[in-house]
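S.K.: got a structure for you, letters missing:
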Ligand SMILES: Nc1ncnc2[nH]cnc12
Ligand SMILES: [Zn+2]
């Protein structure tokens, strides 16, 4: 298995049904069902929002520092088994603060797990774009006392209707704090969202970015500036951003000379962790060892915080 970095992974999206049930029991939270197969049976999505509804609902079981520790520990164990040597991990503090979970429990549990996890890893704090720019700024200010615990900021959740330009100010504050910047753009939104993420938010990587391929000038810009794209093939199929893996534009992105990486996004929901994405690309798209090696090399080159010389 090739060594790789994972750069697009939402820790809350690694919450497997088994852990939903375990944490619900531990925290005495009522669930509609305690049958893991019945929970999994709900994971049939028609678009991004239909997934987000289930994703936010399941998070209700995450309450204590220990819960966040267990969640991240389970991910790091699985990631190591999938050849991950370094992970830059998204988390959604607003999804927890809004339920009354203190930021201290979130940072405490996640950073302890990363310290103990045996895999190089760092945190990226994401703003939920559908909660607007004022709340994003509030959460960034609340997180600044924990500044040493995260390396950057990102932008996720419902894309269409919430263009990157709304978040100019909070990204400016993040930049002034020396934080790295990424944003989901071009997953369901068009190329104009990717332009705004680059020009207005000054992002250093684009998360997803598959719809950038609709605009040749944008492709030229991404290529010239070597802006990495964190593509998530199984996610795109499960959220119907593409009809099937065989239709995925990823090979064309590579052919265009873009810095493409492959990632799992929300692996507990989309049928596979990162190596499973690589395997599916080979099986369904006939991608070669050479192409997959290039993608794995890109993942280290595109990382913000991987320090060791990488193998291969
Ligand atoms: N694929 C995705 N797009 C936007 N927001 C998300 N939050 C978790 N996964 C996401
Ligand atoms: Zn994502």
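M.R.: Noted; the coordinates are in hand. Keep in mind that this is a model prediction, so the values were computed, not measured. Ligands and ions are numbered 1, 2, ... in the order given.

S.K.: and residue 174, what does it touch?
M.R.: 140, 152, 153, 181 (Cβ atoms under 8 Å, 6 or more residues apart in numbering). All C-beta spots, glycine's among them, are computed from the backbone N, C-alpha and C.

S.K.: could I get the phi/psi values of it?
M.R.: Here is the backbone geometry of residue 174 (degrees, to the nearest 10): phi -60, psi -40.

S.K.: picking up where we left off before, nearest to residue 224 among the contacts of residue 174?
M.R.: For the contacts of residue 174, the closest approach to residue 224 (Cβ to Cβ) belongs to residue 181, at 18.9 Å.

S.K.: could you point out which element follows the helix or strand that closest one falls within?
M.R.: Using DSSP states H and E, residue 181 sits within strand 180-185. Later in the chain than strand 180-185, the nearest helix or strand by DSSP H and E is helix 191-199.

S.K.: packing partners for that following helix?
M.R.: Helix 191-199 sits against strand 180-185, strand 205-208, helix 216-224, with contacts defined as 3 or more Cβ pairs under 8 Å, 6 or more residues apart in numbering; DSSP states H and E.

S.K.: so which of these comes closest to residue 244?
M.R.: strand 205-208 (17.1 Å).

S.K.: and what about the closest residue to residue 303 other than its chain neighbours, helix, strand or coil?
M.R.: Distances taken as Cβ to Cβ, 6 or more residues apart in numbering place residue 5 nearest to residue 303, at 4.7 Å, with adjacent residues excluded. Three-state call for residue 5 (DSSP: H, G, I helix; E, B strand; the rest coil): strand.

S.K.: direction included, what does the strand holding residue 181 pair up with?
M.R.: The strands that strand 180-185 pairs with in its sheet are strand 152-156 (parallel), strand 205-208 (parallel) (by DSSP bridges).

S.K.: what count of nearby residues applies to the residue in the stretch 151-300 of the chain that ligand 1 sits nearest to?
M.R.: Here the residue of the stretch 151-300 of the chain nearest ligand 1 is residue 156; by Cβ to the nearest ligand atom that distance is 3.6 Å. When neighbours are defined as other Cβ atoms under 10 Å, residue 156 has 26 of them.

S.K.: help me confirm that it comes into contact with residue 126.
M.R.: Yes. Here residue 156 lies in contact with residue 126, judged by Cβ atoms under 8 Å, at a distance of 4.5 Å.

S.K.: can you check which residues contact both of those two?
M.R.: 10, 90, 92.

S.K.: where does the first one fall, phi/psi-wise?
M.R.: Which is residue 10. Here is the backbone geometry of residue 10 (degrees, to the nearest 10): phi -90, psi 120.

S.K.: surely it and residue 266 touch.
M.R.: Yes. With contact defined as Cβ under 8 Å, residue 10 reaches residue 266; the gap is 5.4 Å.

S.K.: for the shared contacts of residue 156 and residue 126, which one is nearest residue 205?
M.R.: residue 90 (11.7 Å).

S.K.: if anything else comes up later, I'll come back, but that's it for now.
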